[in-house]
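> Using only what follows, build the 3D model:
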Amino acid sequence: MIFEDLQKVFNLALYNFGEANGILTCFENVDCPTDTSIPFLSGFLLLSPTEQADLGITEFRQGIYQVDINYASHLGSAPLNKMADLLNQTIYAGKHLTRNNICAGVESVDLSPLIVDGGWAKKSLSINFNAYTARITS
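Below you'll find the model as predicted:
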């Protein structure tokens, strides 16, 4: 359950943020809107290779949880920047997220340049994290 719980710890935080702030969330671009009048967030888990942390009891994982912020391109960057600021107030450097045996600590949060394509404007918020997980044993 390590990979599932690690993904869900961030997916749930993003989903709850979307519900609280009135913006649609989808994960890994599944069931995202194609109508540019509907802004949305999409989350992706990008993991680094696993490392053993201590005598085989826990594993240390690093990675990025990337949140793509998508708005219609004709609105410019202001709504994307405002949404990134709101999200960064919820998931910020120093925050810890937990689920089952997972503890993920946010190390930093970075924002990408604006990308415009197909009527959409997008900025990606990169949430860099370190996580300790209980190691699965057989």
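
> Only C-alpha atoms from now on, for both contacts and neighbour counts.
Will do.

> My guess is residue 93 contacts residue 110. True?
No - Residue 93 is beyond contact range of residue 110, at 10.0 Å (criterion: CA atoms under 8 Å).

> need the longest helix for this protein.
Counting by DSSP state H, the longest helix found in the chain is helix 2-21.

> Pull the residues that contact it.
24-25, 27, 41, 43, 45, 65, 87, 90, 97-102, 104, 133-136 (CA atoms under 8 Å, 6 or more residues apart in numbering).

> what about residue 93 and residue 110, which has more around it?
residue 93 (17 against 13; other CA atoms under 10 Å).

> residues in contact with that one?
With CA under 8 Å, 6+ apart, residue 93 has these contacts: 105, 106, 107, 108, 109.

> I'd like those written out as CSV, with distance to residue 15, neighbour count and pLDDT added.
Listed next are the contacts of residue 93 as CSV, based on distance: CA to CA, whole Å; neighbours: other CA atoms under 10 Å; pLDDT from 0 to 100:
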residue, distance to residue 15, neighbour count, pLDDT
105, 18, 21, 95
106, 17, 22, 97
107, 21, 16, 97
108, 20, 16, 98
109, 18, 19, 98
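
> can you map out the helices along this protein?
Along the chain, the stretches classed as helices by DSSP H are 2-21, 78-90.

> Lowest average pLDDT across those helices?
Among the helices of the chain, helix 2-21 carries the lowest mean pLDDT, at a mean of 93.

> Can you check what angle separates it from helix 78-90?
Helix 2-21 runs at 120 degrees relative to helix 78-90, counting by axes from the mean of the first three to the mean of the last three CA atoms, to 10 degrees.

> Just the CA atoms of helix 2-21, as CSV, please.
Extracted C-alpha coordinates of helix 2-21, given in CSV (Å, rounded to 0.1, in the frame of the first residue of the first chain):
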residue,chain,number,x,y,z
ILE,A,2,3.0,2.3,0.0
PHE,A,3,2.5,3.7,-3.5
GLU,A,4,-1.2,3.9,-3.1
ASP,A,5,-1.1,5.7,0.2
LEU,A,6,1.6,8.1,-0.9
GLN,A,7,-0.4,9.0,-4.0
LYS,A,8,-3.7,9.3,-2.0
VAL,A,9,-2.2,11.5,0.7
PHE,A,10,-1.6,14.2,-1.9
ASN,A,11,-4.7,13.4,-4.0
LEU,A,12,-6.9,13.8,-0.9
ALA,A,13,-5.3,17.1,0.1
LEU,A,14,-5.8,18.4,-3.5
TYR,A,15,-9.4,17.2,-3.7
ASN,A,16,-10.3,18.8,-0.3
PHE,A,17,-8.6,22.0,-1.5
GLY,A,18,-10.7,22.0,-4.7
GLU,A,19,-13.9,21.4,-2.8
ALA,A,20,-13.2,24.2,-0.3
ASN,A,21,-12.3,26.6,-3.1
